[in-house]
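Q: fold the following, please.
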Amino acid sequence: MATSVSICSNALVMVGGKPFSSFDEPKDNVRTAAVLYASVRDDVLRLHSWNCATKRELLAPLVTPPAFDFTQQFSLPGDWIRTLQVGYEGDPIPYRSEGQRILASVTVLPLVYVYRNDIEATWSANLIHVVELAMAAKMAYSVTASASLRDSLRDEYARELKVAKAIDGQDDPPEEFMSGTFVESRFS
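A: Below is the predicted model:
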């Protein structure tokens, strides 16, 4: 079962370090991994609408409305990383993102978003591998002082990210385009 510790330990092994079993171990490489992990995890989660990190919520408006243009403002959830959809599928709502808020002229805001899924055991094997590679690339230079290893791991990470995104995307039904003049002109 994947955990933040196992992911970081595997990443450290990829760059020639020794495995570890707790972030409490008093080793420089372990402390480096512990410091970097959360931001690397969030960066990778932000890159795609991972099925294991997607949520739907109906947001209630804040008490204070925005100064102008929209009638309501909504606070983004605390675990929000990236907005995927505002409104219902096929019925988007005009909105504006400002800081940790969404402004819109509705009384309830349907939101689909990527969230900070910190339960690695719920991730796909591909996502786990991608985060391991991202961590290895991030730690490579500090552990080995090798720019070529760092660059090689970055390249491998980029390739594996493409594969993982493609596989994750295949779990969803194909997108259908709404009929209209663009689609009709393209396929007629």
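Q: list the residues that contact Thr144.
A: Neighbouring residues of Thr144 by CB atoms under 8 Å, 6 or more residues apart in numbering: Val15, Gly16, Arg150. Where you see a C-beta, it was placed from the backbone N, CA and C, and this is true even at glycine.
Q: cool, Tyr141 as well?
A: Ala147, Leu149, Arg150.
Q: helix/strand/coil for it?
A: Following DSSP: H, G, I helix; E, B strand; the rest coil, Tyr141 is assigned to helix.
Q: before we move on, the earlier item: tell me the buried residues within the contacts of Thr144.
A: Among the contacts of Thr144, those classed as buried by 16 or more other CB atoms under 10 Å are Val15, Arg150.
Q: pick out whichever of the contacts of Thr144 sits closest to Pro94.
A: Proximity of those to Pro94 (CB to CB) peaks at Arg150, which lies at 43.6 Å.
Q: quick check: chain neighbours aside, which residue is closest to that closest one?
A: Leaving out its chain neighbours, the residue that sits closest to Arg150 by CB to CB, 6 or more residues apart in numbering is Ala140, at 3.9 Å.
Q: now Ile128
A: Ala2 (4.8 Å).
Q: ok but Pro66 is inside a helix, no?
A: No: going by three-state DSSP, the assignment for Pro66 is coil, not a helix.
Q: so which residue is dead centre in this protein?
A: A centroid search over the chain (CA atoms, centre = their mean) returns Leu45, at 1.5 Å, as the residue closest to the centre.
Q: how near is it to Arg150?
A: 22 Å (CB to CB, to the nearest Å).
Q: repeat for Ser142
A: From Ser142 to Arg150 the distance is 9 Å (CB to CB).
Q: OK, contacts around the closest residue in space to Arg116 that isn't next to it in sequence?
A: Spatial nearest neighbour of Arg116, excluding adjacent residues (CB to CB, 6+ apart): Asp79 at 4.4 Å. Contacts for Asp79 (CB under 8 Å, 6+ apart) come out as Lys55, Tyr115, Arg116.
Q: do Val106 as well
A: Thr71, Gln72, Ile93.
Q: Asn126 touches Ala166, doesn't it?
A: No: with contacts counted by CB atoms under 8 Å, Asn126 stays clear of Ala166, the gap being 9.2 Å.
Q: what's around Lys18, how many residues?
A: 11 (other CB atoms under 10 Å).
Q: so it touches Leu12, yeah?
A: Yes: using CB under 8 Å, Lys18 is in contact with Leu12, at 7.1 Å.
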